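Novice: sequence and predicted structure, then a few things I'm wondering about:
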Amino acid sequence: MVASAEDEQSLVSDFLRLLSAHARLPAGVTAPTLVLWTLVVVLSVRLSVRLSVCVLSFIAWQVKIWRDRLLSLEEKDRCSVWRLGPFLPVLSCSHPDTVRPILGGKTQKTSWVYGFFRPWLGDGLLISEGQKWQRNRRLLTPAFHFDILKHYVTLFSESTQVLLEKWLSRGPGASVELFDQIGLMTLDNILKCSLGYHSNCQTDGQSAPYIQAVHDLTSLIDERVDRPLQHIDFIYYLTAKGRRFRQACKVVHSFSEQVIMTRKEERKKEELKEEDFTSPGYKSGKCLDFVDILLQAKDEDGTGLSVSEIRDEVNTFLFAGHHTTASGVSWTLFYLAQHQDYQDECRREAEGVLEGRTEITWHDVGKLPFLTMCIKESLRCVPPVARSARTLQLDLTFADGKWLPKGTSAVADFPGLHRNSEIWENPTVYDPYRFSPENSERRPPHAFLPFSAGPRNCIGQNFAMNEMKVTLALTLQRFRLEPDVTKPPVIPCDGITLQARGGIWVKVHPLKTNT
Ligand code: HEM
């Protein structure tokens with residue numbers, strides 16, 4: 001039997017009458033209002049449940065697709081899926097088989113963190129894309145040629161000696177925090193090599209406005225990464241920190257622009273001919289810095305880089321080449337302080353090469369194989385840059401037929417790759433002999449990637465390796481390091497580079513040298 005509309009109406013009015021008669025409703029609340037509100041509440045609850053189910057099934061569906069596609073890879077500790085918020089799954093790869101196509105294929109950089117750098121680094125090499133990146137990479141590559149880099153070795157030696165004199169003045173067995181001290185030294189180096197600026201930052205600290213601004217920019221970005229509310233530009237630039245960031249950008253930009261403009265004028269005055277610069281790395285007794293090299297860089301049609309383009313590149317080198325090498329040197333010293341036998345072996349090697357000199361030459365740098373193995377092992381254990389993030393621009397098919405669709409976000413996870421137990425035996429043990437020539441040959445090529453790989457690998461890797469070797473050889477020649485056990489244990493923490501929460505504290509004992 002089907003109820004008519006009239007029947008339904010009379011049923012509802014009977015129900016309301018009954019309700020009014022029997023229920024004791026609070027004053028001012030009528031039965032129809034109560035029913036209405038009950039309906040609203042029930043419907044809202046049902047709607048929220050529905051929405052939550054939709055969201056959850058969407059996430060489950062995404063995870064399932066990813067898992068199905070990559071199951072075989074995942075089983076072998078090759079990758080895992082993690083997510084940023086409910087809708088953004090990211091594939092994290094930690095096996096050479098998965099990392100290689102992610103870094104080598106047709107991909108774009110994704111990391112949202114890079115957006116925070118844009119006001120400072122503009123369209124510099126680290127964050128630019130497409131044709132702009134291709135052109136600049138081509139124009140900048142000569143700046144990292146060995147003929148240019150070899151002259152920087154003298155500058156690295158000088159900065160290291162300033163650091164070591166500071167340590168010496170503190171007395172025997174002084175406790176020093178490595179990141180701060182070495183960070184100022186690598187800043188000193190990169191300022192000399194990129195802008196020709198001899199800042200004295202190691203002795204004067206952050207008293208110069210420019211040094212203070214560079215310090216502010218990195219520490220403010222580091223802090224911003226961990227504070228989701230500050231990720232929204234609109235909110236961030238309303239805060240005091242956002243305003244400080246803007247101000248620091250202005251200071252840094254105007255300083256580097258001024259250096260570039262002055263250098264341009266000098267070039268005009270001296271009427272330098274192009275051929276003069278082909279005498280690599282040196283001009284009129286002066287070591288060429290990145291500004292000099294970038295001012296002479298030209299496209300095929302003769303167009304050079306504009307002042308703002310050079311400024312962006314110089315700032316990029318400054319950022320990318322300062323904390324990274326500081327992290328590399330600090331972690332190597334940390335491991336050598338823990339392993340006195342390896343430290344002694346490095347010292348013997350350095351002393352054999354230096355023969356009492358306090359300055360390293362370009363030729364010496366190539367004669368430190370064991371120290372190089374120790375640096376590499378440290379970069380394996382704690383890679384200063386923890387990941388390279390990419391978005392696929394084309395579908396990607398792995399060797400075993402599994403595939404990922406275009407638009408997927410993927411990350412090459414370097415700490416994961418460097419500790420993958422399928423590749424590395426006892427991955428948590430610090431063992432420089434993994435990098436002996438025989439052992440290195442046996443490993444797959446993409447097992448060790450502190451400088452990333454593919455077209456967007458680190459352009460400064462040779463610069464960095466030279467700088468680290470010079471600093472470490474000279475340091476070990478003059479000091480013995482041991483861990484400072486009175487300080488809290490060293491725990492790596494993820495920031496712009498991999499650092500240590502609370503820093504790395506070591507005791508430095510001066511050695512008697514015949515220098
Ligand atoms: C131990 C020291 C260093 C490490 C571990 C390191 C590591 C890396 C890594 C992993 C990348 C790839 C980033 C990505 O894919 O998002 C990179 C890119 C880059 N690095 Fe380094 N780096 C170091 C030192 C330097 C130095 C000294 C310079 C410059 C003087 C430099 C300049 C750059 C630049 C410009 C890029 C971007 C390259 C491009 O996208 O074409 N790096 N670095």
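Specialist: Arrived safely, thanks for sending. Quick caveat, the model's predicted, so the values are computed rather than measured.

Novice: could you list the low-confidence segments of the stretch 351-500 of the chain?
Specialist: Scanning the stretch 351-500 of the chain for pLDDT under 70 picks out no residues.

Novice: near the ligand, which residues of it?
Specialist: Among all residues of the stretch 351-500 of the chain, those adjacent to the ligand (criterion: CB under 6 Å from any ligand atom) are 384-385, 388, 450-452, 456, 458-460, 463-464. Just so you know, the C-beta spots here come from the backbone N, C-alpha and C atoms, and that holds for glycine as well.

Novice: the nearest residue to residue 118 once chain neighbours are set aside: neighbouring residues, count only.
Specialist: Closest residue to residue 118 apart from its sequence neighbours, by CB to CB, 6 or more residues apart in numbering: residue 127 at 6.5 Å. When neighbours are defined as other CB atoms under 10 Å, residue 127 has 18 of them.

Novice: quickly find the element holding residue 127.
Specialist: Using DSSP states H and E, residue 127 falls within no helix or strand.

Novice: what's near enough to touch it?
Specialist: 109, 114, 117-118, 121, 316 (CB atoms under 8 Å, 6 or more residues apart in numbering).

Novice: could you list which of those residues belong to helices?
Specialist: 114, 117-118, 121, 316 (DSSP state H).

Novice: where's the dip in pLDDT among those residues?
Specialist: The member of the ones in helices among the contacts of residue 127 with the lowest pLDDT is residue 114, at 85.

Novice: report the buried residues of stretch 30-45.
Specialist: 31, 34 (16 or more other CB atoms under 10 Å).

Novice: same question for stretch 152-161.
Specialist: Applying 16+ other CB under 10 Å to stretch 152-161 flags 152-153, 155-157, 159-160 as buried.

Novice: may I have that stretch exported as CSV, CA atoms only?
Specialist: Extracted C-alpha coordinates of stretch 152-161, given in CSV (Å, rounded to 0.1, in the frame of the first residue of the first chain):
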residue,chain,number,x,y,z
TYR,A,152,91.3,29.4,-4.9
VAL,A,153,93.4,26.9,-3.0
THR,A,154,95.6,29.7,-1.7
LEU,A,155,92.5,31.6,-0.5
PHE,A,156,91.3,28.5,1.3
SER,A,157,94.7,28.1,3.0
GLU,A,158,94.6,31.7,4.2
SER,A,159,91.1,31.4,5.7
THR,A,160,91.9,28.1,7.4
GLN,A,161,95.0,29.7,9.0
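
Novice: just the ones in helices among the contacts of residue 127 that are near the ligand?
Specialist: Among the ones in helices among the contacts of residue 127, the ones lying near the ligand by CB under 6 Å from any ligand atom are residue 316.

Novice: would you show me how to pick out the buried ones of the ones in helices among the contacts of residue 127 in ChimeraX?
Specialist: Restricted to buried positions by 16+ other CB under 10 Å, the ChimeraX selection for these reads:
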select :117,121,316
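
Novice: any chance of CSV for the ones in helices among the contacts of residue 127, columns distance to residue 298?
Specialist: As requested, the ones in helices among the contacts of residue 127 are arranged in CSV below (distance: CB to CB, whole Å):
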residue, distance to residue 298
114, 28
117, 27
118, 26
121, 23
316, 20
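
Novice: farthest-separated two in the residues of the stretch 351-500 of the chain next to the ligand?
Specialist: With distances taken as CB to CB, the most widely separated pair in those is 388 and 463, at 18.7 Å.

Novice: between the residues of the stretch 351-500 of the chain next to the ligand, which is closest to the ligand?
Specialist: Distance to the ligand, by CB to the nearest ligand atom, is smallest for residue 460 among those, at 2.2 Å.

Novice: what is the neighbour count of that closest one?
Specialist: Residue 460 - counted by other CB under 10 Å - has 23 other residues nearby.

Novice: surely it touches residue 144?
Specialist: Yes - between residue 460 and residue 144 there is a contact under CB atoms under 8 Å: 6.5 Å.

Novice: mind checking the SS state of the residue most central in space within the chain?
Specialist: Residue closest to the mean C-alpha point of the chain, counted by CA atoms, centre = their mean, is residue 385 at 4.1 Å. Put simply, residue 385 is coil when judged by DSSP: H, G, I helix; E, B strand; the rest coil.

Novice: any idea how far it lies from residue 483?
Specialist: 25 Å (CB to CB, to the nearest Å).

Novice: for the host helix or strand of residue 210, packing partners?
Specialist: Counting by DSSP H and E, the element that carries residue 210 is helix 209-225. Counting contacts by 3 or more CB pairs under 8 Å, 6 or more residues apart in numbering; DSSP states H and E, helix 209-225 packs against helix 113-121, helix 240-270, helix 307-320.

Novice: and stretch 484-501, what's buried?
Specialist: Buried residues in stretch 484-501 (16+ other CB under 10 Å): 484, 490, 492, 495-500.

Novice: before we move on, what about stretch 390-409?
Specialist: Buried-residue list, stretch 390-409, by 16+ other CB under 10 Å: 390, 392, 396, 398, 402, 404, 408-409.

Novice: out of the helices and strands packed on helix 209-225, which one sits most buried?
Specialist: helix 307-320 (a mean of 23; mean count of other CB atoms under 10 Å).

Novice: got the angle for that helix vs helix 240-270?
Specialist: 120 degrees (axes from the mean of the first three to the mean of the last three CA atoms, to 10 degrees).

Novice: helix 307-320 packs against which elements?
Specialist: Against helix 307-320 (3+ CB pairs under 8 Å, 6+ apart) you get helix 113-121, helix 130-140, helix 178-195, helix 209-225, helix 240-270, helix 290-296.

Novice: save those helices as CSV, and put in distance to residue 49 too.
Specialist: Below are these laid out as CSV (distance: least, CB to CB, whole Å):
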stretch, distance to residue 49
helix 113-121, 36
helix 130-140, 45
helix 178-195, 50
helix 209-225, 35
helix 240-270, 39
helix 290-296, 60
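
Novice: can you tell which of the ones you listed is closest to residue 468?
Specialist: helix 178-195 (9.3 Å).

Novice: quick check: phi and psi on the residue nearest to residue 118?
Specialist: For residue 127, the backbone dihedrals (degrees, to the nearest 10) come out as phi -120, psi -10.

Novice: quick one: it from residue 165, how far?
Specialist: 37 Å.

Novice: before we move on, the earlier item: next one: the residue nearest to the centre of the chain from residue 494, what distance?
Specialist: Taking CB to CB, one finds residue 385 at 11 Å from residue 494.

Novice: got the residues of the stretch 1-150 of the chain near the ligand?
Specialist: Counting by CB under 6 Å from any ligand atom, the stretch 1-150 of the chain sits next to the ligand at 109, 125-126, 137.

Novice: go with 8 Å
Specialist: The stretch 1-150 of the chain has residues 103, 109, 111, 114, 124-128, 133, 137, 140, 144 near the ligand, with proximity defined as CB under 8 Å from any ligand atom.
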